[in-house]
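Q: can't give you the sequence, but here's the structure:
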């Protein structure tokens, strides 16, 4: 599926989450790559190794939440402090890039 990013003007950081046996929130950057204060509005999220589940209203479980398959990218532009992820099977990783 092609991403349709709108007005992505500033790259603000990258994160990889490798411990997803319990629900994990994003670590949203507070400063950009130049050390300036920032507030990301979009996260590009792609699972690696194993599928994950996510929710932005409460913590997901391995069996309840929105499934996200390996290699499928989620473009999330909701409240980045609310979204959480959990692995469906052990050894999942998430790769996240932040933009404004």
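A: All right, it came through fine. Keep in mind it's a predicted model, so treat the numbers as computed, not measured.

Q: Which pLDDT value belongs to residue 5?
A: pLDDT for residue 5: 61.

Q: hmm, who's touching stretch 41-49?
A: For stretch 41-49, the surrounding residues in contact (C-beta atoms under 8 Å, 6 or more residues apart in numbering) are 3, 5, 8, 26, 28, 54, 68-77, 80, 83, 85, 91-100. In short, each C-beta sits where N, CA and C put it, glycine included.

Q: Pull the number of nearby residues for residue 61.
A: Neighbours of residue 61 under the rule other C-beta atoms under 10 Å: 13.

Q: What distance do you get for residue 89 to residue 20?
A: 10 Å (C-beta to C-beta, to the nearest Å).

Q: Just want the most central residue of this structure.
A: residue 45 (4.1 Å; C-alpha atoms, centre = their mean).

Q: tell me which element that residue falls in.
A: Using DSSP states H and E, residue 45 sits within strand 42-48.

Q: That strand pairs with which strands?
A: Sheet partners assigned to strand 42-48 using DSSP bridges are listed as strand 74-76 (antiparallel), strand 93-99 (antiparallel).

Q: Quick one: name whatever helix or strand follows the first one.
A: To tie it back to what came earlier, the one meant is strand 74-76. That would be, after strand 74-76 and using DSSP H and E, strand 84-87.

Q: Sheet partners, orientation included, of that next one?
A: strand 24-25 (antiparallel), strand 52-55 (antiparallel).
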